[in-house]
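Participant: following is a predicted model, sequence given first.
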Amino acid sequence: MITVHHLNNSRSQRVLWLLEELGLNYEIVRYERDPSMFAPPELRAIHPLGKSPVITDDGLTVAETGAIVEYLLETYGAGRLVPSDPKARQQMRYWLHYAEGSAMPLLLLKLVASQIPARVPALIRPIASLISKGLDAKMVAPGLKTHLAFWEASLKETGWFAGDALSAADIMMSFPVEAAVSRAGAADRPVLKAFIERIHARDAYQRALARGGPYAYA
C-alpha cells in the first residue's frame, strides 16, 4: 500500500491528485503545520529533513515531489500521463524539474518577503516593511513577471504544459500556478486562470481534495 505523508496546504496535494488520476489505492497520514507554518517534527521520523511530501511504498521511502511523480509513473503509470510524442515527453521532463527548481524559489521568496514585517519587533517594523517592499520590487516582482509570461505562452496553444492533453507536467505545475494566482499577481492573467479552472474541474482533482482535506489554493 502506498502511504502519503500529507501536510496541509502543501506540495503534497499534487501527489494525491496524481494518485487519483492513476486510480491507485493509497492511504494518507496527515500532518498539520505549526503556528509558524513549519512542518511538525513528527515528519522527521519518516525522512531526516522532515518535509512533505514523502511517500512510503513496500519499504521504500521517496521524498521530493518530482522524484515521487517519476517513481509513481515508472512503477504504476503504464504510460499514463506521459505524452507519446518525444518532443512533448521532453517538455514534460523539463516542467517536472522546472516547477521546483525555478518556479517555487521565486514564489517562496515572495512569501518570505511578505512575512518579514510581521515577524520583527514592532519598533523596527517600519524599516522591515521598507526592506520587504524593496526586495519585492527590485528582485521578486520582475522575475515573477517574466516567469508568469513564460507560463502563459507555454499554455496558450493547447492549454497544457506538455502536448495536447493532461500530463504529469500539469500536475507538477499546478502548485506554482495556484500559488501565483493566489498571492503573486497572476489572478488577472486569463490563460493561467483558465488552466486553474480546467484542472480544478477534473473529477480526480476533486477526489484528491476530498481525501486530503482543506486546501487553501482550491
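Facilitator: Noted; the coordinates are in hand.

Participant: quick one: contacts of the helix-or-strand element of the chain with minimal mean pLDDT?
Facilitator: Using mean pLDDT, DSSP states H and E, the weakest-scoring helix or strand in the chain turns out to be helix 125-135, at a mean of 81. Helix 125-135 is contacted by residues L109, A113, S114, I116, P117, V120 when judged by CB atoms under 8 Å, 6 or more residues apart in numbering. For the C-beta atoms, the positions are set from N, CA and C on the backbone; glycine is no exception.

Participant: and of the residues you listed, the nearest to A88?
Facilitator: For those, the residue nearest A88 by CB to CB is L109; the value is 30.6 Å.

Participant: can you give me the buried ones in stretch 35-51?
Facilitator: By 16 or more other CB atoms under 10 Å, the buried positions in stretch 35-51 come out as A39, L43, I46, H47, G50, K51.

Participant: can you give me the end-to-end span of it?
Facilitator: 16 Å (CA to CA, to the nearest Å).

Participant: quick one: mean pLDDT for it?
Facilitator: What stretch 35-51 shows for mean pLDDT is 88.

Participant: and the strands in this structure, which stretches?
Facilitator: For the chain, the strands defined by DSSP state E occupy 2-7, 26-31, 54-57, 60-63.

Participant: buried residues, the least confident helix or strand of the chain. List them.
Facilitator: Under 16+ other CB under 10 Å, the buried positions of helix 125-135 are A128, S132, L135.

Participant: before we move on, back to that, nearest to S182 among the buried residues of stretch 35-51?
Facilitator: A39 (19.8 Å).

Participant: returning to what we had before: would CSV of the buried residues of stretch 35-51 with distance to Y217 be doable?
Facilitator: Formatted as CSV, the buried residues of stretch 35-51 follow (distance: CB to CB, whole Å):
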residue, distance to Y217
A39, 17
L43, 21
I46, 24
H47, 24
G50, 22
K51, 18
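
Participant: returning to what we had before: just the buried members of the contacts of helix 125-135?
Facilitator: L109, A113, S114, I116, P117.
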